[in-house]
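A.B. asks: Fold the stuff below for me.
(one chain, ligands or ions: 1)
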Amino acid sequence: MINFNEETYLRIGKGAMKLKSRIDEITAAVTQKGYKNLFLIGSGGSAAMFMPFEHFLKTKSTIPAYLEIAAELVVSGHNQLGKESVCIFTSSSGTTSETVAAAKYCKEKGATTICISGKEDVPFVKDASYAIVNEMDDFSASDADYIVLYMLYFSLMHKHGDFEKYEEFCENLAKLPDALVEVKKQCDEKAQQFAIRYKDAPYHMLTGAGSVWGETYSYAMCVMEEMQWIKTKSVKAAEFFHGSLELVDDNMSLIVIMGEDETRPMCQRVIDFAKRYTKNLTVFDTADYRLAGISDEFRQYLSPIIMTAVLDRVSIHLEAQRGHSLDIRRYYKVVEY
Ligand SMILES: N[C@@H]1[C@@H](O)[C@H](O)[C@@H](COP(=O)(O)O)O[C@@H]1O
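C.D. replies: Below is the predicted model of the structure:
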């Protein structure tokens, strides 16, 4: 596979698992102290990574949870935020100004803060009630971020009495880095064919649902727009039928991001519609990929990380086919705004 360092990927993925005892300590401490609600806070792609966990908290547990965009929270405030809140933040750089400001804001409100970062030596980490640091320096290794989030949120759900099989789930997580290397190999040809076919496409509409909605949203915004400067729209599969469907024709690329949770029929409905009206439909479906060593009962939770492993290959091939580096920015963290 082009631009994939298996050794680095496995080292970082397996490194994330080493954080399990630290994560279990943190979740034990906050659970013992007691909390009224959870806030999941970030910006851009990092906020999007929290979306599946908001979905799982809503559908698999009874912990009240709120997903907030960092900058909006600070400006609007939130009546449920206070001393009995646990606020969880993620920022790979640890320096995204809006997320750093939101962490400070929540601490000032008396909340407990858990800050997840890819960098150790930043105030975002130093000022947190609890910090989880997972250092990484490789684009595709961001899959490892998900491993940390699975452990954190499923440990909280477990200690709340909502997810009995946490330890077994973590044993499965430990096998994921190897399994995902195989997923990348399985999808690579499809990813390359997509990039060849659509390298000059000026616009893509992406639709997804449930636990892969965050991947849908962030792939459109953080990869296609930010890293490739391609125009996109992302729309939830359920909402697609309330306006966006009018744009479907052979001049537009429609991408369906499909996972294996209960919202799957919503994506299927888009596919059934689109097959009648366009030849430019691409479906990325996690169910197409074998996950060696992973118990089937856990696949429903793993759709986001499988999808990110697949879509990373699409990004690598778009970069190659379009001759547009994934690393160049015109404005993002380049100019003042
Ligand atoms: N588009 C970028 C994303 O790619 C990035 O994920 C996010 C947060 O960055 P960080 O995780 O460093 O806070 O910032 C922007 O929104």
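A.B. asks: so where is the stretch 1-150 of the chain shaky, pLDDT-wise?
C.D. replies: Across the stretch 1-150 of the chain, the ranges flagged by pLDDT under 70 are 137-141.
A.B. asks: can you pull out the helices in it?
C.D. replies: Using DSSP state H, counting those that start in this stretch, the helices of the stretch 1-150 of the chain run over residues 6-17, 20-33, 44-60, 70-76, 97-108, 123-126, 143-159.
A.B. asks: now for these, which one comes closest to W229?
C.D. replies: helix 44-60 (15.9 Å; CB to CB). Heads up, the C-betas are built off the backbone N, CA and C, glycines and all.
A.B. asks: Could you check how far that closest one is from the centre of its chain?
C.D. replies: Mean C-alpha position of helix 44-60 versus that of the full chain (CA atoms, centre = their mean, to the nearest Å) differs by 8 Å.
A.B. asks: swap in stretch 201-211?
C.D. replies: Stretch 201-211 sits 15 Å away from the centroid of its parent chain (CA atoms, centre = their mean).
A.B. asks: buried stuff in it?
C.D. replies: Neighbour counts over stretch 201-211 (16 or more other CB atoms under 10 Å) mark 201, 204-211 as buried.
A.B. asks: The closest residue to P304 other than its chain neighbours: neighbour count?
C.D. replies: Closest residue in space to P304, ignoring its immediate chain neighbours: P52 at 4.3 Å, by CB to CB, 6 or more residues apart in numbering. For P52, the neighbour count with other CB atoms under 10 Å is 27.
A.B. asks: Ok, the one 10 residues further on next?
C.D. replies: Number of residues near T62 (other CB under 10 Å) recorded here: 11.
A.B. asks: before we move on, the earlier item: just put the buried residues of stretch 201-211 in JSON lines and tack on secondary structure, pLDDT and distance to A47.
C.D. replies: Shown next, in JSON lines, are the buried residues of stretch 201-211 (DSSP: H, G, I helix; E, B strand; the rest coil; pLDDT from 0 to 100; distance: CB to CB, whole Å):
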{"residue": "A201", "secondary structure": "coil", "pLDDT": "98", "distance to A47": "27"}
{"residue": "H204", "secondary structure": "strand", "pLDDT": "98", "distance to A47": "21"}
{"residue": "M205", "secondary structure": "strand", "pLDDT": "98", "distance to A47": "21"}
{"residue": "L206", "secondary structure": "strand", "pLDDT": "99", "distance to A47": "17"}
{"residue": "T207", "secondary structure": "strand", "pLDDT": "98", "distance to A47": "19"}
{"residue": "G208", "secondary structure": "strand", "pLDDT": "98", "distance to A47": "16"}
{"residue": "A209", "secondary structure": "coil", "pLDDT": "98", "distance to A47": "18"}
{"residue": "G210", "secondary structure": "helix", "pLDDT": "98", "distance to A47": "17"}
{"residue": "S211", "secondary structure": "helix", "pLDDT": "98", "distance to A47": "15"}
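A.B. asks: show me which of the residues you listed neighbour the ligand.
C.D. replies: Contacts with the ligand are made by none of the buried residues of stretch 201-211, judged by CB under 6 Å from any ligand atom.
A.B. asks: Could you tell me which residues of the stretch 101-250 of the chain lie near the ligand?
C.D. replies: Residues of the stretch 101-250 of the chain lying near the ligand (CB under 6 Å from any ligand atom): 222, 226.
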